[in-house]
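Chemist: Sequence first, predicted model second:
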Amino acid sequence: MTAETPPGAFSNMSLEMRAWNIRRKALLMGEVQGQGYIGQALGVADVLATSYFHAMDFQAEDPEWEGRDRFLLSIGHYAIALYAVLMEAGILPEEELETYGMDDSRMPMSGMASYTPGMEITGGSLGHGLGIAVGMAMGLKRKKNPAFVYNLMSDGELDEGSTWEAVMSAVQWKLDNLICIVDFNNQQADGPTRDALAVGAEAPKWEAFGWFAQEVDGNDLDALVAAFDAARDLTDARPRVIICNTTMCKGVDFLEAREITHFVRVEADEWSKALAKLEEGKPQ
């Protein structure tokens, strides 16, 4: 959102409605292919709505506007979620929704910057996004560009040594224009995150490295707004992280209840049921 945005273009819709729209678009794209990382998309929708429609500066008509805040999707398999918010923001036309994952589509199943307007990096090799974000934040500072860099990463990426190298580098270079967002949904391909590697007390861990750290309910919009505001408004010359505890498949209870949600199995007849269940919770 910027001063150049037409009055009311974004402000007339609540964040709750934005998040609901993101969830619905993701389900519709998943139905096209009969698969997709729907659990993550439903879980992170509130984080994306807050990022794009409360915190970030961007111009929908010019995704490469130099003054934009950069949003990096380190977790390339979350692409379906980012496509949904890019459509909601008007960066991608909603008419392309039915091309998701198809040959020659601008929306491949894993995010690629060369394909998609608004996709800043090609993610997928997990653990690299924060390092790229550090370099990007350093470059913006050297150009005296006041834009922020947002890096969305997964809790699984906390297993990666390269992530912690980037954590230390960001402190070394006093990157107060860097906001890392961790989607902590406690799910990895092989099972719960907490069973894969020692995790816990995440905010104090980041603080020990020198970051300004907050841990919030990632499905509570009020808490997210307060956390994003605190991260942007901080005057200390240090990077910021928001650890967002989210629920996989949020908003579709029969999917939430499944034991395996990293790549949740949705049967052909269940897509319409999921959309109907989401409809029951549509904001008024």
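Modeler: All right, it came through fine. On a predicted model such as this, the values are computed, not experimentally measured, just so you know.
Chemist: From now on I want contacts and neighbour counts done on CA atoms only, so please keep to that.
Modeler: Noted.
Chemist: Can you tell me the SS state at residue 182?
Modeler: Classification of residue 182 by DSSP: H, G, I helix; E, B strand; the rest coil places it in strand.
Chemist: Residue 174 and residue 217: what is the separation?
Modeler: 27 Å (C-alpha to C-alpha, to the nearest Å).
Chemist: To clarify, my last question referred to residue 51.
Modeler: The value you get for residue 51 to residue 217, if C-alpha to C-alpha is used, is 15 Å.
Chemist: Tell me which of those two has more neighbours.
Modeler: Neighbour count, other C-alpha atoms under 10 Å: between residue 51 and residue 217, residue 51 has more, with 20 against 16.
Chemist: need the helices for the chain, in chain order.
Modeler: For the chain, applying DSSP state H gives helices covering 15-33, 38-50, 79-89, 129-142, 161-172, 193-196, 202-209, 221-233, 253-256, 270-280.
Chemist: average model confidence for the fourth one?
Modeler: Across helix 129-142, pLDDT averages out at 97.
Chemist: Just the CA atoms of that helix, as CSV, please.
Modeler: This file holds the C-alpha atoms of helix 129-142, laid out as CSV (Å, rounded to 0.1, in the frame of the first residue of the first chain):
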residue,chain,number,x,y,z
GLY,A,129,15.9,-17.4,2.2
LEU,A,130,17.2,-15.6,5.3
GLY,A,131,20.7,-15.4,3.8
ILE,A,132,19.3,-13.8,0.7
ALA,A,133,17.3,-11.5,2.8
VAL,A,134,20.4,-10.4,4.7
GLY,A,135,22.1,-9.5,1.4
MET,A,136,19.1,-7.7,0.1
ALA,A,137,18.7,-5.7,3.3
MET,A,138,22.4,-4.7,3.1
GLY,A,139,22.0,-3.6,-0.5
LEU,A,140,19.0,-1.5,0.3
LYS,A,141,20.9,0.2,3.1
ARG,A,142,23.8,1.0,0.8
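Chemist: who's in contact with the helix or strand bottoming out on mean pLDDT in the chain?
Modeler: Every helix and strand of the chain was ranked by mean pLDDT, DSSP states H and E. The lowest is helix 193-196, at a mean of 72. For helix 193-196, contacts defined as C-alpha atoms under 8 Å, 6 or more residues apart in numbering pick out 155-156, 186-187, 190, 199-200.
Chemist: how far is it from where the chain is centred?
Modeler: Distance, stretch centre to chain centre, for helix 193-196: 21 Å (C-alpha atoms, centre = their mean, to the nearest Å).
Chemist: All further residue positions should be reported with the first residue as 200.
Modeler: Let's use 200 as the start, then, which means that last one is helix 392-395.
Chemist: Check the burial of residue 483 by counting its neighbours.
Modeler: Neighbour number of residue 483 under other C-alpha under 10 Å is 6.
Chemist: ok, it to residue 215 distance?
Modeler: As it turns out, when the distance is counted by C-alpha to C-alpha, residue 483 lies 9 Å from residue 215.
Chemist: do residue 278 as well
Modeler: When residue 278 is compared with residue 215 (using C-alpha to C-alpha), they lie 21 Å apart.
Chemist: who's more crowded, the two?
Modeler: Ranked by neighbour count (other C-alpha under 10 Å), residue 278 and residue 215 place residue 278 first, with 27 against 19.
Chemist: Who are the contact partners of that one?
Modeler: 272, 306-310.
Chemist: State the mean pLDDT of stretch 357-375.
Modeler: 96.
Chemist: again, but for stretch 246-258
Modeler: 97.
Chemist: Tell me the gap between it and the middle of its chain.
Modeler: In terms of C-alpha atoms, centre = their mean, the gap separating the centre of stretch 246-258 from the centre of its chain is 10 Å.
Chemist: That stretch: end-to-end distance?
Modeler: 19 Å.
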